[in-house]
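Participant: have a look at this prediction, sequence included:
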Amino acid sequence: MSPRIISINFDKPDAHKLSVYEASGGYGSLQKLFTMPPDEVIEHVKNSGLRGRGGAGFSAGMKWSFVPKDTDKPKYLCVNADEGEPGTFKDRKILQLDPHMMIEGVIICCYAVGIHTAYVYVRGEYVKPARRLQAAIDEAYAKGYLGKNIQGTGFDLDVVIHMGAGAYICGEETGLIESLEGKKGQPRAKPPYPAVIGVFGCPTVVNNVETLSALPFIMNEGWQAYAKLGTEKSTGTMLFSISGSVERPGVYEGEFGVNLWDFIERSTGGVRGGRKLKAVIPGGSSSSILTADEARSTYLDYESIAAAGSMVGSGAIMVLSEEDCVVKALEVVARFYAHESCGQCPQCREGTYFISQIARRIENGEGSMEDIEKILDTCPLLMGVTVCVLADSIAMPAKSYIEKFREEFDQHVKEKHCPYRSAERKSAVL
Amino acid sequence: MKAAAQEKFAFNKENEEVFQETLKKYPTKMAVLLPALWLCQKQNGHLTDEILEYVAGRLDLSPVHVYSVVEFYTMYHRRPPGKYHLQLCRTLSCTLCGCEELREHLAKRLGIAPGEKTRDGLFSLEEVECLGSCGTAPVMRVNEVYCENLNLEKVDKIIEMCKADKPLEEEPMGAH
Ligand SMILES: Cc1cc2nc3c(=O)[nH]c(=O)nc-3n(C[C@H](O)[C@H](O)[C@H](O)COP(=O)(O)O)c2cc1C
Ligand code: SF4
Ligand code: FES
């Protein structure tokens, strides 16, 4: 059994209520927090090795330390609750089942960095999780965990929920910032990084919901206890959202360093209906696909998955069985990125659409061998040349789907229809 | 004869209060744009040109800024959606779990394609990208309610519930 840190309260009844959270030691870390100088808290979190759970996996403590200390501008925290990466559904769990753990994390982060206003950017569809979170925030204010002069320490903090309105790109940190400012969520060129110039022109920390939720444990148990879990460079645990063709999809907390397929099988009961495993997408739809053999021989941590040519990303593991079509998967994933491109970079705007159109053609049995090459030729043109990495997020997977499952693509072309569907049926995708 | 006075859009009393409170939470007026649009949509169901001009006026923004922002996001309705707005997820996990079949079924049963509304105005259908509930795929949002672990029978039941104007409830969220 993996240790549970973030999901420890998920199966407790009414864990979203303050009284229940407090009864299990909730907000207990604050006493220690306020006796430590803020810089020490940053060091503490740095030492824990905690890395961002939003996708990029950057050291949380390091990111905080980039925020200038000698500024007279206000500083802000943006909590990234936009959760849009296909396959990811763990932040919704946290917001709905244990919102106080995140709020406690928000307090820790804000105290460490000297922030007095935190905006929680929640994707527009998450109406119920946002209500839960608002109720928890209200309770926290009433109990003096938020607001003015928290617990008599003189530290002030306001937390404001900001609802998105349906745009994946607002999960990208600078897209989020633009959106929060009341604009289209089009990412900004970096540098400057948000830590220096973020929202409203002020230094800003952007952290994912889950990243912040790990902080109470780190404060309570000490960074050593956290760093002891996982591997040297991938410390602690992570919430893995496992979906697709498995028996029991869901959010499972896992310690880094376990065997990838073992973990999936142990958690979910394996491939649905006793079918054979075909492939695993380990880190959201932006990540490259792994073959069954790769999934069985790879370990679940940032370095091992990177060595296997993919990424941990947001921890969204999607499983494909022998009956699932990789060409179809590419069609659906490419359509997603074409739909969600913000449109400001020509390579991304045109390239995502181009790939999605060709993938559709192949899936529909109307593609040629040349079409497969066209996708492969297009991918490098999208990599490393755009304002944000959304363009890379289709180029990398597309390349991997074709390279690792070439015979499926060829088969679609030769047989002029998708072999996973009866011949008379076209792809239902519009 | 008196000309029927065209009622101008303005926040009702309750929403005006929320609007005033919201203004205090941000250092700029522009930042209140998304929250203000949400308020308008809550009050009116969809966002007319008149409403966009109203919001621009209230926040000292150029109308063209407001128009371009509204167009960027998918959840603001420029035209009235059906009384029940069905948002069926079409992304990978839902596809692996059979959402295409549900889409075809819904379209046939309601007689509309995604993007359309039934004649009686009861249903509108939209295909959307990942709703963040892939563990309970396939998933559809009906207005604000997530309907999860769908199959054909469940979809039919949802349609019947809506037709009978019975409230839909979300399934309790499990620990996984
Ligand atoms: C296209 C795109 C979409 C993203 N979507 C999300 C998201 O929905 N949620 C999230 O937390 N991070 C998302 N990220 C990552 C953020 O840019 C950022 O790295 C993260 O919020 C930082 O928090 P962390 O360090 O705690 O992970 C996205 C990045 C990109 C490029
Ligand atoms: S890469 Fe795509 S999504 Fe990212 S900024 Fe450019 S156009 Fe927008
Ligand atoms: S793919 Fe449908 S909810 Fe995520």
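Facilitator: Perfect, I can see it now. Ligands and ions are numbered 1, 2, ... in the order given.
Participant: hmm, A:Gln134 is touching A:His162, no?
Facilitator: No - assessed by Cβ atoms under 8 Å, A:Gln134 is found out of contact with A:His162, at 11.5 Å. Using the backbone N, CA and C atoms, a C-beta is placed for each residue, glycine as well.
Participant: buried ones in stretch A:247-260, by neighbour count?
Facilitator: A:Pro249, A:Gly250, A:Val251, A:Tyr252, A:Glu253, A:Gly254, A:Glu255, A:Phe256, A:Gly257, A:Val258, A:Asn259, A:Leu260 (16 or more other Cβ atoms under 10 Å in any protein chain shown).
Participant: can you add pLDDT and give those back as CSV?
Facilitator: As requested, the buried residues of stretch A:247-260 are exported to CSV (pLDDT from 0 to 100):
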residue, pLDDT
A:Pro249, 98
A:Gly250, 98
A:Val251, 98
A:Tyr252, 98
A:Glu253, 98
A:Gly254, 97
A:Glu255, 97
A:Phe256, 98
A:Gly257, 97
A:Val258, 97
A:Asn259, 98
A:Leu260, 98
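Participant: quick check: the farthest pair among these?
Facilitator: Taking Cβ to Cβ as the measure, the buried residues of stretch A:247-260 span a maximum distance of 22.9 Å, between A:Pro249 and A:Gly257.
Participant: from A:Val271, how far off is the residue nearest to the spatial centre of chain B?
Facilitator: Centroid-nearest residue in chain B: B:Met75, 5.4 Å away (criterion: Cα atoms, centre = their mean). Distance of B:Met75 to A:Val271, given as Cβ to Cβ, to the nearest Å: 35 Å.
Participant: and A:Glu22, by the same measure?
Facilitator: From A:Glu22 to A:Val271 the distance is 42 Å (Cβ to Cβ).
Participant: ok, now A:Gln344?
Facilitator: Separation of A:Gln344 from A:Val271 (Cβ to Cβ): 40 Å.
Participant: swap in B:Thr28?
Facilitator: B:Thr28 is 51 Å from A:Val271, by Cβ to Cβ.
Participant: these two: who's more crowded?
Facilitator: A:Val271 (23 against 15; other Cβ atoms under 10 Å in any protein chain shown).
Participant: show me the contacts for the residue nearest to the centre of chain B.
Facilitator: Counting by Cβ atoms under 8 Å, 6 or more residues apart in numbering or on different chains, B:Met75 makes contact with A:Gly124, A:Glu125, A:Ala165, A:Gly166.
Participant: which phi and psi does it have?
Facilitator: As for B:Met75, its main-chain torsions (degrees, to the nearest 10) stand at phi -90, psi 0.
Participant: which non-adjacent residue is nearest it?
Facilitator: Leaving aside its chain neighbours, B:Met75 sits nearest to A:Gly166 (3.6 Å; criterion: Cβ to Cβ, 6 or more residues apart in numbering or on different chains).
Participant: how about the residues of chain A near ligand 2?
Facilitator: Listed as neighbours of ligand 2 in chain A under the rule Cβ under 6 Å from any ligand atom: A:169, A:186-187, A:341-345, A:348-349, A:386-388, A:390-391.
Participant: which of the residues you listed are close to ligand 3?
Facilitator: With the criterion set as Cβ under 6 Å from any ligand atom, no member of the residues of chain A next to ligand 2 is near ligand 3.
Participant: most neighbours among those, please name it.
Facilitator: Neighbour counts for the residues of chain A next to ligand 2 (other Cβ under 10 Å) peak at A:Cys348, which has 27 neighbours.
Participant: these two touch, right, it and A:Leu381?
Facilitator: No - the pair A:Cys348 / A:Leu381 is not scored as a contact, 10.2 Å apart, by Cβ under 8 Å.
Participant: now the residue in the stretch 51-200 of chain A positioned nearest to ligand 2: how far from ligand 3?
Facilitator: Here the stretch 51-200 of chain A gets closest to ligand 2 at one residue, A:Pro187, 4.2 Å apart by Cβ to the nearest ligand atom. Computed as Cβ to the nearest ligand atom, to the nearest Å, the A:Pro187 to ligand 3 distance reads 22 Å.
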